[in-house]
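> fold the following and give me the result.
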Amino acid sequence: MMMHAYLLKTAYIYMLPVANSLLANYASQPFGGSASASKLFDDMPLRDHVSWTSIINAYLPALAQALRLFRDVHLGTSLHGLVTRRGLHVDVFNANSLIHMYSEGLRLRSTRKVFDSIANKNGVSWNTMLSGLLGKKLAHPLCCRSVHAVTVRKLLLMASVLLLNALLDVYAKCGLVKHALRLFRRMPFLNRNLISWSTVIAACTRNGKPHEAITCFATMREAGQRPNSITMLSLLEACANRAEMRASRCAYGMVLRSGMALEQGMGNTLVDMYDKCGDLAEARRVFNAMLVKDVLSWNSMIGALGMNGRALDALALLGNME
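Next up is the predicted model:
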């Protein structure tokens, strides 16, 4: 702002390249730059296409954020059209915001058009595109493999953990567990974070591969990675699907030691796990220890009793619920 004040006091405000340089500097600032850019732009007696490009770039992130909040795709399309007709440059940051906006509005063709127009795509570009497809259930197995092939050719997999995790998630949601596992095994070991491990374990669990999920969890622990509640929920579900008592008890022990047993979702999953393993006494003990029970908690316990020939106990518990 000191430089701005100096320009106003001198004749330099009439030198367009100098004013444009300061305007571009304001436009590039992440916080508070748009207000300063607007003030300078209003004070400029002369403006050219560089001036207009800078002022639009200053406001486009804020507008894109507003559009994400209000989901006004029509307004966003008008703004994008104005920028395009004027031949103004949209940098990769603003293009990523447009990709997010169009995907939120289910404008798949526009989303892909903006994505293809980015000359230097970064990890955020790919992640936003994939997340948009996945979030709106527009992902297709062939599309997943095509995007993966492109990222391999561009060597982006070595540079972006976000992109790797997004691809893992897309493969999992498309039911392509083999592809997810292959991608995960090819990831540099240091690039595997908790999200990577949890995504693969959940993918195996939800796609009929509980043994692979348990094995992957054991490998994760050997690698020194600590699980969170999401990881543990997937492990408990895998143990329940296998109905393996030894693995279930080991998993329960880890839940107790981690202090996650008091979480409501964890308790419900534990009841379901012990039910499928045929240990009603342990399921009932976990149920009784739960501090907060929701409808799912009661239904799980009542269903466990009923399915194991304990109809009277199920009815009694139903009476307690009411």
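> against Ala213, how distant is Ile56?
Using C-beta to C-beta, to the nearest Å, one gets 49 Å for the distance from Ile56 to Ala213. Every residue, glycine included, has its C-beta placed from N, CA and C.
> more neighbours: the two, which one.
Taking neighbours as other C-beta atoms under 10 Å, Ile56 and Ala213 compare with Ala213 leading, 25 against 20.
> can you tell me the average pLDDT over the helix or strand where that one lies?
Per DSSP states H and E: Ala213 is located in helix 210-222. The average of the pLDDT scores along helix 210-222 is 92.
> how far off centre is it?
From the chain centre to the centre of helix 210-222 is a distance of 23 Å (C-alpha atoms, centre = their mean, to the nearest Å).
> which parts of that helix are buried?
For helix 210-222, the neighbour count (16 or more other C-beta atoms under 10 Å) marks 210, 212-214, 216-217, 220 as buried.
> quick one: contacts of stretch 314-322?
With contacts defined as C-beta atoms under 8 Å, 6 or more residues apart in numbering, stretch 314-322 is touched by 298, 301-303, 305-306.
> out of those residues, which is most surrounded?
If you rank those by neighbour count (other C-beta under 10 Å), Met301 sits at the top with 27 neighbours.
> so where's the stretch 101-250 of the chain shaky on pLDDT?
105-106, 131-160 (pLDDT under 70).
> can you map out the strands along it?
Taking DSSP state E, counting those that start in this stretch, the stretch 101-250 of the chain contains no strands at all.
> picking that back up, helices - which of the contacts of stretch 314-322 land there?
298, 301-303, 305-306 (DSSP state H).
> can you name the two of those that are farthest apart?
Spanning the widest gap among the ones in helices among the contacts of stretch 314-322 are Trp298 and Gly306, at 12.1 Å by C-beta to C-beta.
> from Trp52, how far off is Asn96?
Counting by C-beta to C-beta, the gap from Asn96 to Trp52 is 22 Å.
> which of those two has more neighbours?
More crowded of Asn96 and Trp52, by other C-beta under 10 Å: Asn96, with 24 against 15.
> follow-up on the earlier one: can I get the ones in helices among the contacts of stretch 314-322 in JSON lines including pLDDT?
Output for the ones in helices among the contacts of stretch 314-322, formatted as JSON lines (pLDDT from 0 to 100):
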{"residue": "Trp298", "pLDDT": "86"}
{"residue": "Met301", "pLDDT": "86"}
{"residue": "Ile302", "pLDDT": "87"}
{"residue": "Gly303", "pLDDT": "84"}
{"residue": "Leu305", "pLDDT": "84"}
{"residue": "Gly306", "pLDDT": "83"}
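> pretty sure Asn308 is touching Leu280, no?
Yes - Asn308 is within contact range of Leu280, at 5.6 Å (criterion: C-beta atoms under 8 Å).
> the two - which one has more neighbours?
A direct count of neighbours by other C-beta under 10 Å for Asn308 and Leu280 places Leu280 higher, at 20 against 15.
> my read: that one touches Gly306, true?
No - with contact defined as C-beta under 8 Å, Leu280 does not count as touching Gly306 (10.9 Å).
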